[in-house]
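Based on what follows, work out the 3D shape:
(one chain, ligands or ions: 1)
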Amino acid sequence: MSAVLKDAPRLVRMQDGDLAKVMAIESAIYTHPWTGGNFGDSLRAGYQCWTWRLGNELLGYFVLLVAAGEGHLLNLSVAAARQGSGHGSKILKEAMRLARSCGAQRIFLEVRPSNLAAKALYGRFGFHEVAVRPGYYPAHGGREDALVLTLAL
Ligand SMILES: CC(C)(COP(=O)(O)OP(=O)(O)OC[C@H]1O[C@@H](n2cnc3c(N)ncnc32)[C@H](O)[C@@H]1OP(=O)(O)O)[C@@H](O)C(=O)NCCC(=O)NCCS
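Model (predicted):
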């Protein structure tokens, strides 16, 4: 195998054994992280749960639900130390490819209005806002709306 291929990050199905590392990343990058139970439930429910790895290092992950021709991107995360290096874009591309291959014609996701990095990432891919869910997220000192974004695949 060439050095280039060996050094390229790749998508690997998430397993129960990944949850400690996933939770370490999750807890470090969100004010209100998913719990281990949320990931465990997603795995057991058969959602598309994938990690993005460079060798043994977990760079990021996503959780995707595809049903009735629609994909819902429930979680997309990059480890704090690896943000800003193009991994979020690559993981998003992989999630979109997978959604398409599972029969989705459209993909939806929710994002906090205050999450400027994520909003910029989704905007670059052509996502647009279709709805607001008022008070959807817990937030410090109250609740925060969710913007619902979508993109035709
Ligand atoms: C949002 C997130 C997934 C982006 O991943 P990333 O690897 O940092 O993104 P990339 O390096 O691929 O950057 C892609 C684009 O995202 C935007 N972006 C990324 N970081 C940004 C930042 N700190 N501020 C503003 N825009 C940012 C930019 O548009 C960037 O394109 P550019 O580099 O050409 O300007 C990552 O910041 C993350 O995991 N954040 C915490 C978890 C989270 O908020 N997930 C999304 C929930 S909806």
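
Without its sequence neighbours, what residue ends up closest to the residue of the chain at minimum distance from the ligand?
The minimum distance from the chain to the ligand, using C-beta to the nearest ligand atom, falls at residue 88 (2.1 Å). Every C-beta, even on glycine, is put in place using the N, C-alpha and C of the backbone. Sequence neighbours aside, residue 78 is the residue nearest to residue 88 in space, at 4.9 Å (criterion: C-beta to C-beta, 6 or more residues apart in numbering).

Would you work out how far apart the start and end of stretch 114-128 are?
Across stretch 114-128, the terminal residues are separated by 16 Å (C-alpha to C-alpha, to the nearest Å).

any residue of it up close to the ligand?
Yes - using C-beta under 6 Å from any ligand atom, stretch 114-128 reaches the ligand at 115, 116, 117, 118, 120, 121, 124.

how about the fifth one, secondary structure?
Reduced to three states with DSSP: H, G, I helix; E, B strand; the rest coil, the structure at residue 120 is helix.

ok, it to residue 149 distance?
Taking C-beta to C-beta, to the nearest Å as the measure, residue 120 falls 12 Å from residue 149.

so who does residue 61 touch?
By C-beta atoms under 8 Å, 6 or more residues apart in numbering, the contact list for residue 61 reads 14, 18, 22, 25, 49, 50, 51, 52, 75, 76, 77, 91.

returning to what we had before: now that we have the residues of stretch 114-128 next to the ligand, which of them are buried?
Buried by 16 or more other C-beta atoms under 10 Å: 118, 121, out of the residues of stretch 114-128 next to the ligand.

Redo the residues of stretch 114-128 next to the ligand as CSV? Include distance to residue 137 and pLDDT.
Output for the residues of stretch 114-128 next to the ligand, formatted as CSV (distance: C-beta to C-beta, whole Å; pLDDT from 0 to 100):
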residue, distance to residue 137, pLDDT
115, 10, 97
116, 15, 97
117, 16, 97
118, 12, 98
120, 19, 98
121, 18, 98
124, 23, 98
